[in-house]
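Novice: the following block contains a protein sequence and its predicted model.
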Amino acid sequence: MENDWRPSISAENLKSRAQLLADVRLFFAQKGVLEVETPVLSSAAPTAPYLDSFKTNYIPIGTSPQQTYYLQTSPEFGMKRLLAADAGSIYQIAKVFRNGEQGRLHSPEFTMLEWYRPELTFTQLMDEVSALVAVVAGFPEAIRLSYTRTFEQYLAIDIFNCSDQQLRLVGLENIPSLMRDIDLDRDGWLELLMSEVLEPKLAGFERPVMVYDFPASQAQLAKIHTDEQGHEVAARFELYAGGLELANGYDELLDAGELRRRFEHDNQQRLVLGKAPMPLDEHLLAAMTSGLPQCVGVALGLDRLLMLVLKQRDIQQVQSFPFNQ
């Protein structure tokens, strides 16, 4: 019904949601990780071509011109400014917003858990993510697979030595619904194969799966390092469980100049895609120039985690109200 006022979440699920949030806070309190809050609105926004931000206008009283602000897609930039100011280990349970994302597994507004640990290594962060979902959701310890091995095991592709045409042929063979004239770059094919072919296969595991060491071209805000085979890869991992992507973690990039180059490259890609370039977060870049400590960080979708715990098929069943109400 168009004017239905009732919540989309049941009373039982509402209590389970409250318990999940309490368990998360207890987990970090026991580890001495500080809960923080950062602004939801910012004059800058992520440049990633695959993200679209909500924007709004701030209209000052008086004669000053209106100013454009953006709702956060993640609390990352503000939290990194706190890290640069010696905040130490921090976490945040934040409302985040992504324009255009709506469906059974997506909502334009959802709840993200994000945390940063200056004292942990990349491997130790993976351990901590596995420990968190074990404590708050009862999941068994996660299996770990490198990105390279995942493609080799399930698609018999060596991603470092195959051609773009070979990737295209594998994509068309494994995703019959694709149009034959689809035009994607190398990363486009890799990301499509991961989401449409490999993620469903990972759902067959009875344990969560962490895929790590992504292609360097998909580093986003992660460092680049060399894997055991001598290939340059991104120090990045993703956590999957029950066929859902739950978390994305990084050994965080510390070089402000490199981050600016990545932002500018993203904006060039946005223009190619017909999207508006986004204003760079100069406050973040200044904080990183001042000195962001060595740290690792991860973002985890709490709504999706609760969906798995409660065996719900639609994200609306774990949120108080659907987006359109």
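Specialist: Cool, got the structure. Because the structure is a prediction, the values reported are computed rather than measured.
Novice: just say helix, strand or coil for the residue lying closest to residue 91 once chain neighbours are set aside.
Specialist: In space, and not counting its chain neighbours, residue 91 is closest to residue 115: 3.6 Å by C-beta to C-beta, 6 or more residues apart in numbering. (Each C-beta comes from the backbone N, C-alpha and C, glycine too.) Three-state assignment for residue 115 (DSSP: H, G, I helix; E, B strand; the rest coil): strand.
Novice: residue 115 reaches residue 93, doesn't it?
Specialist: No. Using C-beta atoms under 8 Å, residue 115 is not in contact with residue 93; the gap is 9.7 Å.
Novice: between these two, point out the one with more neighbours.
Specialist: residue 115 (27 against 17; other C-beta atoms under 10 Å).
Novice: run through the bridge partners of the residue nearest to residue 91.
Specialist: In this structure, residue 115 bridges to residue 91, residue 298 when assessed by DSSP bridges.
Novice: residues touching it, list them.
Specialist: 28, 33, 89-92, 297-298 (C-beta atoms under 8 Å, 6 or more residues apart in numbering).
Novice: go on, residue 60?
Specialist: 66-67.
Novice: the spatially closest residue to residue 297 that is not a sequence neighbour: neighbouring residues, count only.
Specialist: In space, and not counting its chain neighbours, residue 297 is closest to residue 116: 4.1 Å by C-beta to C-beta, 6+ apart. Here the number of neighbours of residue 116 (other C-beta under 10 Å) works out to 27.
Novice: so residue 305, which state does it fall into?
Specialist: Under three-state DSSP, residue 305 comes out as helix.
Novice: run a quick check on it versus residue 246, I expect a contact.
Specialist: Yes. Using C-beta under 8 Å, residue 305 is in contact with residue 246, at 5.9 Å.
Novice: which residues are in contact with stretch 177-187?
Specialist: With C-beta under 8 Å, 6+ apart, stretch 177-187 has contacts from 164, 167-168, 171-172, 192, 215, 217-218.
Novice: coming back round to it: who has more neighbours out of residue 305 and residue 246?
Specialist: Neighbours per residue (other C-beta under 10 Å) separate residue 305 from residue 246, with residue 305 holding more: 26 against 23.
Novice: so which strand or helix has residue 48?
Specialist: Using DSSP states H and E, residue 48 sits within no helix or strand.
Novice: tell me the contacts of it?
Specialist: Contacts of residue 48 (C-beta under 8 Å, 6+ apart): 220, 266.
Novice: ok, now residue 44?
Specialist: 70, 77, 278-284.
Novice: is residue 237 located within a strand, as I assumed?
Specialist: Yes. The assignment for residue 237 by three-state DSSP puts it in a strand.
Novice: do you know how far it is from residue 149?
Specialist: Going from residue 237 to residue 149 by C-beta to C-beta, to the nearest Å gives 13 Å.
Novice: do the same with residue 319
Specialist: For residue 319 relative to residue 149 (C-beta to C-beta), the value is 35 Å.
Novice: neighbour-wise, which of these two wins?
Specialist: residue 319 (22 against 13).
Novice: that one contacts residue 304, correct?
Specialist: No. Using C-beta under 8 Å, residue 319 is not in contact with residue 304, being 11.0 Å away.
Novice: hey, what's the closest residue in space to residue 45 that isn't next to it in sequence bridged with?
Specialist: Leaving out its chain neighbours, the residue that sits closest to residue 45 by C-beta to C-beta, 6+ apart is residue 70, at 3.8 Å. Residue 70 forms beta bridges with residue 42, residue 55, as assigned by DSSP bridges.
Novice: now residue 70: how far from residue 235?
Specialist: 27 Å.
Novice: ok, residue 104 next?
Specialist: Taken as C-beta to C-beta, the span from residue 104 to residue 235 is 32 Å.
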